[in-house]
Every structure is written in structure tokens, then in C-alpha cells.
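Novice: Predicted model and sequence below, questions to follow.
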There are 6 protein chains.
Amino acid sequence: MQLHQASWPEVEAYLKRSKGIVIPIGSTEQHGPNGLLGTDAICPEVIAKEAGDEAGFLVGPTFNVGSAQHHLAFPGSITLRPTTMIAAVNDWIDSLVRHGFTRIYFFNGHGGNIAPVNAAFSESYSAYSLDGEACPYQLKLENWFTLPGVQPLVRELFPEGEGGHATASEVSVTYYAYPEAQKQVEMSPKIAPTGPIRDAADYRRRFPDGRIGSDPSQATPEKGAKLVAQAKRAMIADVKAFFEGQA
Amino acid sequence: MQLHQASWPEVEAYLKRSKGIVIPIGSTEQHGPNGLLGTDAICPEVIAKEAGDEAGFLVGPTFNVGSAQHHLAFPGSITLRPTTMIAAVNDWIDSLVRHGFTRIYFFNGHGGNIAPVNAAFSESYSAYSLDGEACPYQLKLENWFTLPGVQPLVRELFPEGEGGHATASEVSVTYYAYPEAQKQVEMSPKIAPTGPIRDAADYRRRFPDGRIGSDPSQATPEKGAKLVAQAKRAMIADVKAFFEGQA
Amino acid sequence: MQLHQASWPEVEAYLKRSKGIVIPIGSTEQHGPNGLLGTDAICPEVIAKEAGDEAGFLVGPTFNVGSAQHHLAFPGSITLRPTTMIAAVNDWIDSLVRHGFTRIYFFNGHGGNIAPVNAAFSESYSAYSLDGEACPYQLKLENWFTLPGVQPLVRELFPEGEGGHATASEVSVTYYAYPEAQKQVEMSPKIAPTGPIRDAADYRRRFPDGRIGSDPSQATPEKGAKLVAQAKRAMIADVKAFFEGQA
Amino acid sequence: MQLHQASWPEVEAYLKRSKGIVIPIGSTEQHGPNGLLGTDAICPEVIAKEAGDEAGFLVGPTFNVGSAQHHLAFPGSITLRPTTMIAAVNDWIDSLVRHGFTRIYFFNGHGGNIAPVNAAFSESYSAYSLDGEACPYQLKLENWFTLPGVQPLVRELFPEGEGGHATASEVSVTYYAYPEAQKQVEMSPKIAPTGPIRDAADYRRRFPDGRIGSDPSQATPEKGAKLVAQAKRAMIADVKAFFEGQA
Amino acid sequence: MQLHQASWPEVEAYLKRSKGIVIPIGSTEQHGPNGLLGTDAICPEVIAKEAGDEAGFLVGPTFNVGSAQHHLAFPGSITLRPTTMIAAVNDWIDSLVRHGFTRIYFFNGHGGNIAPVNAAFSESYSAYSLDGEACPYQLKLENWFTLPGVQPLVRELFPEGEGGHATASEVSVTYYAYPEAQKQVEMSPKIAPTGPIRDAADYRRRFPDGRIGSDPSQATPEKGAKLVAQAKRAMIADVKAFFEGQA
Amino acid sequence: MQLHQASWPEVEAYLKRSKGIVIPIGSTEQHGPNGLLGTDAICPEVIAKEAGDEAGFLVGPTFNVGSAQHHLAFPGSITLRPTTMIAAVNDWIDSLVRHGFTRIYFFNGHGGNIAPVNAAFSESYSAYSLDGEACPYQLKLENWFTLPGVQPLVRELFPEGEGGHATASEVSVTYYAYPEAQKQVEMSPKIAPTGPIRDAADYRRRFPDGRIGSDPSQATPEKGAKLVAQAKRAMIADVKAFFEGQA
Ligand code: NI
Ligand code: NI
Ligand code: NI
Ligand code: NI
Ligand code: NI
Ligand code: NI
């Protein structure tokens, strides 16, 4: 069930059978010459939608702009400062907890979100820990690309040039989701350089077309379909275990 | 052009011909017995998409959770605290300005966003005004439902029971966008009560099923299509005037 | 009763007969060539004082610096950033609620305060709405210039050149309050230009002497007296209705 | 010159002869059985007004609600949290600096403001110190009651029972300013107890009627007049030295 | 007992016999040509350690970076902005209160910390005062150099050239603590100038080598030992009185 | 060189030969029945001190209270909220950058700090990335326990019972640093349980004596000495590479 297309009585009914919800969380940032700016939001969104439809769990709206300061030298990238992101994630959590949700599963598509979301969780728990009360809910962050079975499939599909940013796999997932948005671009060099991530100017100097270590010209909707299928399976298992876990 | 489905070189090319962008901004909140929780995000999103496709302007990601504290007594509603919203809107603005955008048009679907977004604009301008520098960009907030021609059409389509929240017109727009999400619900009373908006408990006491003054059982995809067509026309004119305006 | 001239036992006694308080809220900002920098604070302050004296309700200190970033290109203007204003308004609210006030009526003299004060109210209610508790108090924002009967009188007194900022009416009210502060200035042009409000540099470029659409050289203490009398009548009725309203 | 009763051209003219401004800063808090809630704002306001009129310097609006958490167990007291106060004081400073003021003299009536205002100054200077730039302005905090000659006069007027809060001298100053607001109250005990200041509940337990160490029934307008005259003289000298000091 | 070298069961046992803790609080900032950057942290730390060992009270970790913006023109100085310091001090307080500590004694080595720490205490108490609840704990700030008997000894040891910053006495205490860190530097002028403290650039212009009014070349470990012995005695008495005081 | 025991002229001289500094960063939190509350601060501090002495780089003061909300059910633990920690780390960075440091190496002893410190780095870079300027400095976070060669040695020293919190290795390092603080405690069970980390109440329920997966009764000063020697070697190499790296 998609929260955005549900009515409140439908959510009320859902809460009688489950206290769990999935929040896709991504980023709006450059993904190289042929990748979509929405890649990191689209990937968890499409996987979560298919998983939610199949397994019957509720999927909330996508947190679609995340922590992406390092991409700001490429047009179209949008970032939240980490402190803003912590505040926003906490407002989402507080709202959902208000309704009785006790398991909130943030399903992530962007490595840069990991630190601020974990900091946000810690901020959320801190209120209870400092008050000396037991926190009535549990928070989890999971990336689609680190779910069981996903990296093995990635290595099989892209023995070379998967890379670290604007990866062949994530671009494939977005081409599967939006085949009309595919872009044919010659990559030069074939495989992008690698290196550390710091500020935006440094990033653009190191990675002139935005890619890190990848050759996303290998991306196809078909490979995306396989990745989504595998991620969906693994995610359903992971979500179920989390929703059914004891406090 | 949808920013989320564009690559950064495409946005770079766009910036050579226009410095303007549209950001749909909505809310995730109850919309009565037959309305979608995503209504206020979906309406500006769908209108902006059609307008952008027709007129060629760039549409950014939807700011999909807004200021909705008063709806929190209804399951599924999510709010940002106003101060969080001000911070987040400013981060979006700062990111876009970084790329050279000088006209940012927030296209709104939710009355509760008006105060915090205007406060956010004032916060943004304050940095320049306190520094004694001219601000290099212009910000505009416009609601889809107050565009020229929209309310006359609404009165024609719904002579009675349009209402103030969970309106017949906004539900129609979402049914047009997602016909599969239509819900048949008997309204009782036919037309909901009206009154002031304060905190969530007070809201639920005054408006037991979430509607204010409306009978959204009149909503249909066909009426939604007419509304979208009218809003799209008016919005294109408004956006053009704003993008082409002198600083 | 003026809170600033009352003792705490007097306020304690007042609270036994009423839980309502009025807070005049204004701004410190340029008001054109012959208007006072304190105009927007003075207007609600003088009306509230007369109304409070007549009707017996308690009037708190004036919140005298508001949201005025757009006036900063004119010497003497002072602004709070909107986020500071939200914090300050909330501290005032929290203090008053601590004493048992359950109706807090912000009586406003400045259009630029409307967004941040409404955002502040929403921030205040959010604490309760997110906690799932009923908020024990009600907040209201009302402008002196939008009270019933005021604009009709304005149109009668100033058929032309009332304008939008540094209006003939508000300058009249301050001349009534402080006749010794009247300033004779030739207006040029007679009626000032109009346009949108953005940052301070843009404002000064559009409105070189600070006025928007007005000819405040028509202002007199006598007209101010009439305006105060009408606003006072209307405000007393509005305050009474609010103080006596059910939660 | 009173900023609130001046026009912007008048302030512009003033800035050609002086870059200094005085900001009265006080508090809204209980001042015992016969003292006014506005005492700490009224005292610096009235002294600054007379001094400004005599010596020709500009007096800004009164910062009338300060740091008064410890008085919240007495009806009518209003506080800013220290962090809010720091933000607000900085917004006032930034606004005034924007106009070219380089000497800002906060003229204080409340001991509880000393820590937050000094912290606010440090916050203001920090921006320059961290950037490695010289700060173009100077900030000063001075209390009316610690000006040269004031305490000797106080000891002469009130050999006993001046006290530490709701003092005989400050109540006298307010009675001089607003003789109509005098209150006849028998003090019991004649001289109030003394002790440390912590939170509001602790304060009310230690100081049941709000006074600390004082017998303010000795207050008269005449004594207030003498105190104002002495404070005015001393303040004019202090302000001149500050305004004329080299950076 | 040093908290950093204790285990949690040891602290649990301590809490059965005392609810008091000492937190040394200092600064990391230049202390002239022969003074250590850690001086203001080292002084309270070494005195508190000896006092805690002798009298058996618990000494927490040293809050070692404080409010030092004015020293930033000298390499090695580190500051917290006052608002950050307020937040951090409150987090320390909240954590300790969580464990049942009801007397928290901040033992200070730096004048610049006085305003922000007092503001932090007021922020802490504000939560209770605004809620109308009695605060269950007491906070105290005491400087080692203002303890009874310390200044008399200072005057005896340093009849001239004690000064206001990089004082002969504080440098002596650090030389006692870390004799290997002594530095032989000729002072020029022998006694440093005095003046007001503002931003960092102003400070360095007024006080070219960092000292204010002092000749710290008089510092020796032996004098430091005497100062520590006196401060320790006075501090033990002060801490005991505070820990044993009634709420 | 220890910054706390250096004078500012010594740091000035250091900056002529190196622009790099090491900041030990830890936590104050329970470390099981025989571990010290200061463990996570002591470990990086002692290794950094020895490494700095040997290799000649500057070591700043220890950031000794970090992100430890999950330990608050055990007496003596102190936490910063993540947002406070982000602010404080940024103030330290800004101060050091002010002096010309361009390589700041945070040397960490606590897993819970990783997310907030990385978020703090992102916050720091964001200012430059949003302004479109190249950031003039580089930040690095490295844990002592993940340096090359450390985990192999740990596995050799503690084939069983190293664990995840209150580890045998970290307790050994503190026993090496403070042999007088060793505590003999029987562990029961011998090896502690494992599980996820959430809020403090949940933590204490899962891990009753504070340990996770460890048997720290194996800790000895001798093993600590070996660990420090290995970590020191690896850290010197890592720091040198970072300090000498091109921007
Ligand atoms: Ni990605
Ligand atoms: Ni709506
Ligand atoms: Ni006005
Ligand atoms: Ni007073
Ligand atoms: Ni010192
Ligand atoms: Ni540890």
C-alpha cells in the first residue's frame, strides 16, 4: 500500500494489522553523463513499491532530497545540510510514532545519507535515553544495494565498471523504472577514476563527469529488472524480520 | 523537463536558455474519507508536470511533506515543524541558486504551507538584506487553486460542497492523476462542518472525518481533467511572466 | 490594564476573572518621508491601550521589532530573522501559558509579521499535535487594519493615496498618538509606486523613499483619532468573542 | 532622538554626525507586591530618553522582554530562553550595523540579562574572530544601577532595605515615570529575605512575595527623580566616551 | 575519584553516598609568550583532582574548550560559539541528571566562560520554570581564582604583574602541574598593557603578545604549588557546602 | 607536540613546517564491569600522544565527550546530542582553520562518533559547496582500532572474547595508560551477549553489565602496550600520508 494513495481510514485499518512502515529515502544529485538526477530516490522507491505491493506493507512518501553537498558542482543537485536532514527525519519519525507506528524502516538509495540518518536516529533515541524512558519504537536504515544477494548479482551483471557512484546497477534500476528516460552517452574514460569524497569543488576536479569508478553505459532496463527482483525479495524478508521483531 | 529524470548535462544545457525552475510543494495529510493522503503534493505535481512538458520549463522534485500539524490526529499525516520547513526550503533554494537559477517558483497545493514558505523566503532574503547586498534571485509562491480561472471553474463544477479542506476539486485532480486510487465513500454529513484550525486534537473534535465544509464524493477524474487543464494554462502564463520578469 | 504597569498580585487577580491577554505586535521599520520608524508598533499599542482601558482586558508589552528585512536599506529599520521571531513568539506564549492564560490575542500592525507569527503558532501547536495531547490554549492573530469597519473608514478618509506601506491611515494613527512627532514633508511623486516585495536592495530600487502606493502627507491626528475610535470598537468586540469562545 | 518617533531621513541625517545608538534593554517580570512588571524595562527607558533628549543621541526601541525564567512562578512574568535572547540581540545588532552604526550601547535594567547579553556579544564577535576579519563595530552593556554615583545616592536615599530585587530604588524610578501606577502595599516582612537564584519554583519558595532583601514601600517619585537625574548625568558621560572612543 | 578512570559500578556506588559531581571547565587559548594553551583547563583540572582525591568527591571529565573567540588571532586557540557551549553544557547536565546527580559544580578556569555558562544554567532551569515544575537539581559555577583566600595569596606572591590574562598565578599553577612544559621567555614590556576585550583582531592589536596586564615570567612551580594548596582547601569547603545544601 | 602544553609562539612556529593537526576524539561512557568510563577518549589520546612525540606532529586537546546516548542507563555515561556534537566539531574545525591548519585528522576511539563526525564534516564542507568555493582544508576521521595491523594483533592477543563494546583490546590500552586504574572483576557470563544498539533502556535490557560480546577480564597493561605500539606505527604512517597529501 502506498501511503500517498491511501486515505486515512485505510491507514487506520492497516495499523490494526501492522505497526510497521517503509520510508524510501534518497537524494537528488548528479549521476554522471547518462544517469538521472533522481536515481538515488527512484531506486528505493521502485523497489519499495513492488515489495509493498507484493508483501502488503505500507510505503510512505519518498524522502527525495538528502545529503549531497559534494555533488553541488554539477547542475541540478540539491542538498540538505546534515543538521536540516536530522531535523526533517526526526519530524517524519515523530509524526509516524504519533499514529502508533513502532517500526520505521528507512530504505535508502544513497551512501551520503548513512551518516546523517544514523545521527538522526541517535538524536531521536537521545530524547528517551536522557529522560530515562524506554523508547517505544525502533528505527532501521537499510540500503537497497547492500541487501543480501544484491552485490553478487551486480558482480555477475557488471564484472567491470560497476563503480562507486553513478553505478551501472543503479542506472539500470532507473532505466527499468523509466525506460523513456534512457540516455545514450559515450563514456570517456570508459571507467571513471576513483578517490576520496570531500567538498563539491574537489569532487568535480577529481571526477570531471561525476562518475566514480563506473561505466554506466552498460546499464539496461533488463538488468535493472533483475536487480529490482532480487532487491525486492531480499527487502521483503528484511522488512518482515524487522516488523515482527520484539522490542 | 523533469529534473529527476534529467541528467546533469541536460540541466546544464537548460540553464543556458532559462534560469527558472518550478518546485511543486505539498503536504502529506489526511484528506477525508475518500481523499488521498498525498493529495496536496499530487495536485501541484501533476499540473506542473503537464505544464512543464508543454511549455518546456524545468520541474524539480516535489517537496512532499509540509506543514500539517493540525492533521496529526488522523493516521498517515506527516508534518515538518515550521522551523524545519524553513531550513529545508532554504537548503533547496541555496542549492538551486548555486547552479545559477535566479527564478524559483514554488507551486503549492496546501494552504498550511503558505506561512512557513513565506517565512522561509523572508529568511532567505534576510541574509542579503542584512549584508547590504542585492539578492541575485527571486522567489515566488503560487497555489494551483488560486491561479486565474481556477475558482470560477470550481464553482461551475461544484456549486455546492467544494469546501475548504478535502475539497471536491482537489480530490478530483488526484482521481484524474491516479484513477485506480478512487474510493467510494458515503459522506456523513453530506457537507462537512466549518470552523477555525488550531492543534490536532481540536481539529479532530471539530471535523470528525477530516473534511472541512466539503462534499468530495462529487469528485471524478473527468472533473479533475478539466481542472488540470485550466490550472495548467494559467500556470504556464504565470511561470512565463515570472521567469521573464526583470530583477 | 497594562501589564507593564501592573504588579504580579494585580495580574493574579485578573486571572481569576479572565484567562485572556492581548499582545500588541509591530515592527521597527521605515515608513516613508514623514512616517515614524515605530509606526507598526505604535498603532496596535495605542489602540490596544484604549481598548484595554475601556473594556478591562489585560494588555501585555509590545513586541516591537518584527519581520522587516525588506526595509533594511532605509536607516533605522530593525528586523528579526523569521526563525528568531518564531522562537521569541513561542517564548512569550510559553511564559503566558505558564501563568494560566488560555487565550492569547496578538494584535498586529505589520503585514510582514503575518507569515512568521502564523508559523510561530503552528510551531507552538505542533508540540501538542505531535505528542497527541490537546493544546490547552488558543492563539489568534488580528491586524488592526483588517478589523471590521476600518477599511471602509479608511476609504472615506483617504479616497486616494492610502497605499500599501507608509499608508495615510497608519501615519494618522501615530500622529494622533504622538502629535509632537508630526513631520511636514512634500511627497514626490504625490502617490508612490507599487510592486512586489523582495529583499532590501530591490525594495529601495522600486520604492526610493520607502512608500508603496501611498500619499501619507494627508495624515492628520484628527483622522488618526477617528481610526483609533473605530478600530477600538471593533477590537473590543473581537477580543471579547475570542476570550469567551469555547476551546 | 527617539528612533521610534523619527523618520528614516532623520536617522540618515543623524548617522552623518554620529555612529552611536543606545538600546534600552530590560525585562518583564514580577517586582514584588508594589513594583511594576515592567520595572526593568521602564528604568533604562526613562533614563535613556531623558539623556538622549539632553545630549542628542539616538535611543532605539526598548528590548522589553529579557531573561527572567526565575520569576515565572509569579503571574505576568515573561522570559526569553537565553538562546532566543542571543539570537534576537544579534538580529538587532546586525540590523543596526547594516545602517552604519559602529557603537551600540545596550543600557540595561536587569541583572539576569548580563550573562545572555554578554554571550550575545561574544556570539556576534565570534563571526569576525573566526573569519579572521576585524569587527567594524563595538558593543557595550551598561546597567543604569552600576553607573558612577548611582549606588552612593541609593545608599543615601535608602540606608536600609534597598535589597537585590524589587529594590527601593528601581521602584522609585518607575513611580517617577508613572506616578499614576503607584501601589500602596504593606510589606511583610518589612525587609525581604535573601538567597541564591535558581529555577522559578525554588525562587517562589525562598522569596514568597517576589522581593529579595528589599523594602520597596520606601519608594517615591521624588526619590526616583533624583535617581534618574544622577543616572542621566553619569550615562551621558559614559555614552559620550563610548561613542567617541577609537576602535 | 576521577570519573574517567572509574567504572560504572564504581559510580553507581558513589551515587549511594553522594549526589554531587565536579566538572572542571576551562578553555584552550593563548596565554602569552610563556603560558600554555591549555592553562585554563589545566588549572581547575589539577586543583579538582587533588581536592577530589583528598575529600572523596567525584570529578568528571574536563570541559576543555570554552568561549575564547577573542584569542583567535593567536595560533592554537580554539573556541566554541556561545550557543554551541550552551548546548554542550546542557547535554552534560542532562546526562548527569539522568544518573541521579542533583548537585553539579562547574569548576572554572576562564573568565570568558562565565557568561555562557550562566546562560546555559538559565537555559537549563528555563525548561522547568516554563513547565511549572520544580527543578530537581542545582547548578553552581565557581572559579578557582575567586575562591576564598586565593587572591590574598596571589597578591602576596605577585605584588606586581599578576595581571588579567596570562596571569602570573595561573601560569604558576600549570608549571606546578607540568614542570617539563616551563618556557623561559623575556617579557617585553615587562608588564603588559590593559584594556577592554572585544573581537580577536582588536585583541591582538591591543595586546600584541597576548598578555593583559601581567608579567608571567615570575611564574614558578613552587608558587603554583602554594596556589593549588590554597585553592584546594577553599574548594573542598565550597564543594562540601554545595553538595550538602538543601534544595 | 601537545597543543595544551605549548605556547602560541610554539604553535606559530609549528605552522611554518606543517599545516596538520591531530584531534583525539572519544566518549565518556560505561565500558562494562572492569572498563573505565574514559576508555574511548583515553585510547586515542594515549596513542596520539606517543605518535605525536615520536613523529613530531601537533596533537590538540581531546574531544572527550561524544555521542553515547545508548549508554545512559549506566551511571557516569555522558552524551552530546548529535546536533550538539556537529556544532561543537564545526567550532573546533573553524577555529583551527582560522590559524591556517589545512589538514585536520580526527583520531577516534568510539564507533558511535562515526556518524555524527561524518555528518559534521559534511556540514563543514556544505558551506563551501553551497557557496561555490573550493574548501581550503581537508578533514579525516580514523579510528585507532581500524588502522592497518591493529585487528590482526587483536585477534592474536584475544582469539576469543574481543567483542564489540568494552572490548578486551580497548580495556588493555587503558590499563597500559593507567595501570593504577585496573579493576579485577569476574565476568558473568564469561562472554557477553551481542545484538543491535538502540536507546539506553533497550541497551541495558540486552546487555545487563554493559559489555557487548566481550570478555575484558583478559585485558592487561602488557597487551595494551603491544596494541599501542602497533596503532602508533600505523597511525604515524596514516597521518603523514594525510598531512602530505595534495588538496
Ligand atoms: Ni546513487
Ligand atoms: Ni488539500
Ligand atoms: Ni506599517
Ligand atoms: Ni528589577
Ligand atoms: Ni587564563
Ligand atoms: Ni569503547
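Specialist: Arrived safely, thanks for sending. Values in this document were obtained by computation on a predicted structure and should not be read as measured data. Ligands and ions are numbered 1, 2, ... in the order given.
Novice: So is stretch A:59-78 next to chain F?
Specialist: Yes: counting by CB under 8 Å from any CB of the partner chain, contacts between stretch A:59-78 and chain F involve A:Ser67, A:Gln69, A:His70, A:Leu72, A:Ala73. Quick note: C-beta positions are derived from backbone N, CA and C, even for glycine.
Novice: any idea which helix or strand carries whichever residue of chain A sits closest to ligand 3?
Specialist: Residue of chain A nearest ligand 3, by CB to the ion: A:Thr84 (32.8 Å). Using DSSP states H and E, A:Thr84 sits within helix A:82-98.
Novice: Contact partners for the nearest residue to A:Gln218 once chain neighbours are set aside?
Specialist: Nearest non-adjacent residue to A:Gln218, counting by CB to CB, 6 or more residues apart in numbering or on different chains: A:Ala168, 4.6 Å away. Residues near A:Ala168 by CB atoms under 8 Å, 6 or more residues apart in numbering or on different chains: A:Val154, A:Leu157, A:Phe158, A:Gly161, A:Glu162, A:Ser214, A:Asp215, A:Pro216, A:Gln218, A:Ala219, A:Lys223.
Novice: what do you get if the cut-off is 7 Å, keeping everything else the same?
Specialist: Going by CB atoms under 7 Å, 6 or more residues apart in numbering or on different chains, A:Ala168 touches A:Phe158, A:Gly161, A:Glu162, A:Ser214, A:Asp215, A:Pro216, A:Gln218, A:Ala219.
Novice: buried sites along the longest helix along chain A?
Specialist: Secondary structure assigned by DSSP state H gives helix A:221-244 as the longest helix of chain A. Using 16 or more other CB atoms under 10 Å in any protein chain shown as the test for burial, helix A:221-244 gives A:221, A:223-224, A:226-228, A:230-236, A:238-239, A:242-243.
Novice: got a list of what the closest residue to A:Thr79 other than its chain neighbours touches?
Specialist: Using CB to CB, 6+ apart and skipping residues adjacent in sequence, the residue nearest A:Thr79 is A:Ala68, 4.3 Å away. By CB under 7 Å, 6+ apart, A:Ala68 lies in contact with A:Ser27, A:Thr28, A:Glu29, A:Ser77, A:Ile78, A:Thr79, A:Gly112.
Novice: Greatest separation within those: which pair is it?
Specialist: The span of those, defined through CB to CB, is set by A:Ile78 and A:Gly112 at 12.4 Å.
Novice: quick one: the helices in chain A?
Specialist: Going by DSSP H, chain A shows helices at A:8-17, A:39-55, A:82-98, A:114-131, A:150-157, A:168-177, A:200-206, A:221-244.
Novice: what about the fourth one, near chain B?
Specialist: No: taking CB under 7 Å from any CB of the partner chain as the criterion, helix A:114-131 and chain B are apart, separated by no less than 11.6 Å.
Novice: could you check whether that helix is close to chain F?
Specialist: Yes: Helix A:114-131 reaches chain F (CB under 7 Å from any CB) through A:Ala115, A:Pro116, A:Asn118, A:Ala119, A:Ser122, A:Glu123, A:Tyr125, A:Ser126, A:Tyr128, A:Ser129, A:Leu130.
Novice: measure the fourth one to E:Thr84 for me?
Specialist: Which is A:Ala119. Taking CB to CB, to the nearest Å as the measure, A:Ala119 falls 16 Å from E:Thr84.
Novice: ok, now the second one?
Specialist: A:Pro116 sits at a distance of 19 Å from E:Thr84 (criterion: CB to CB).
Novice: Name the spans of chain A whose pLDDT lies under the cut-off.
Specialist: Filtered on pLDDT under 70, chain A yields the residue ranges A:246-247.
Novice: Kindly report the residues of it close to chain F.
Specialist: Counting by CB under 7 Å from any CB, chain A sits next to chain F at A:67, A:69-70, A:72, A:79, A:81-83, A:86, A:115-116, A:118-119, A:122-123, A:125-126, A:128-130, A:133-135, A:138, A:198-202.
Novice: Am I right that A:Ile25 is in contact with A:Asn64?
Specialist: No: A:Ile25 is beyond contact range of A:Asn64, at 8.2 Å (criterion: CB atoms under 7 Å).
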